[in-house]
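Trainee: take a look and give me a structure for this.
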Amino acid sequence: MRVDAGTYESATRQVLQWAREPVPRYVCVANVHMTMEAHDSAEFKAIVNAADMVTSDGVPLVWMLRRLGHPYAERVYGPTLTLHVCESAADEGVPVGFYGGSPQAIEGLKAELKRRFPRLDIRYAFSPPFRPLTPDEDERVVSDILESGARILFVGLGCPKQERWMAAHKDRLPLVQLGVGAAFDFHAGRVKQAPKWMQDRGLEWLFRLAVEPRRLWKRYLYNNPRFVALAALQLLGRGVRS
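Mentor: This next block holds a predicted model:
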């Protein structure tokens, strides 16, 4: 799976540049979970690899990038990238929108971002139902997003649903989509983020597992050991094909 070595500054600058162009783009923020989903599914791997940018959201991916010859790679974490992009969008007058999360998360997110960035122009915010949309509903969503004038759309549906949604809608939405996962709940104050010392040491998964064990135990206990083993094989030069 492709991962782009970059920084918050370079990623934010690129997103804002793309936002001024009437060209469809989407950005994935990759962590261990996404990597293993891509390893297990050729269809999903193709979606991630077709993205216009794949940031190193997870610390283990940063470690791998550095070991593979990119010593200046940094973590570009979805929730923090959201703040960087919103700050620049507010400064430059670029309208934004939000799709995903619960109604409570959407409202909390909007309030927090307006508190941080009073000049942020939020044109669209919608919490879809927790079921597949009908064709008519989906057409209405696309129409509303286009009519809003938003140039950057943050998508918070969780991996791999948000990446599939962005890819499926790319050709109908000539704007920049960012799949930012749990950023909606984090910034709305509905889910706690790991302390910085845990994030820096690649232990955020352990914190999130402790906070939401019933929802996340399978993801972490199944994916993390496999990632470590496959990464070790890659570094040893043996390579693994999914």
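
Trainee: for the spatially closest residue to Arg123 that is not a sequence neighbour, grab the count of nearby residues.
Mentor: Excluding its sequence neighbours, the residue lying closest to Arg123 (Cβ to Cβ, 6 or more residues apart in numbering) is Ser148, at 4.0 Å. Where C-beta positions appear, they are placed from N, C-alpha and C, glycine not excepted. Applying other Cβ atoms under 10 Å, we find 18 other residues in the vicinity of Ser148.

Trainee: can you name every helix or strand that the lengthiest helix in the chain contacts?
Mentor: Of all the elements of type helix in the chain, the one with the most residues (DSSP state H) is helix 213-235. Under the contact definition 3 or more Cβ pairs under 8 Å, 6 or more residues apart in numbering; DSSP states H and E, helix 213-235 sits against helix 32-40, helix 59-67, helix 204-211.

Trainee: please name the nearest non-neighbouring residue to Arg25.
Mentor: Beyond its immediate neighbours in the sequence, the residue positioned closest to Arg25 (Cβ to Cβ, 6+ apart) is Asp52, lying 4.3 Å away.

Trainee: need the phi and psi values for the one you found.
Mentor: Asp52 has phi and psi values of phi -80, psi -20 when expressed as degrees, to the nearest 10.

Trainee: could you measure from it over to Ala11?
Mentor: The spacing between Asp52 and Ala11, counted by Cβ to Cβ, to the nearest Å, is 11 Å.

Trainee: near the nearest residue to Gly100 once chain neighbours are set aside, how many other residues are there?
Mentor: Residue nearest to Gly100 in three dimensions, not counting chain neighbours: Gly156, with 3.5 Å by Cβ to Cβ, 6+ apart. Applying other Cβ under 10 Å, we find 28 residues neighbouring Gly156.

Trainee: what's near enough to touch Gly156?
Mentor: By Cβ atoms under 8 Å, 6 or more residues apart in numbering, the residues touching Gly156 are 98-101, 105, 162, 179-185.

Trainee: mind listing what's buried in stretch 13-22?
Mentor: By neighbour count on 16 or more other Cβ atoms under 10 Å, the buried set for stretch 13-22 is 14-16, 18-19.
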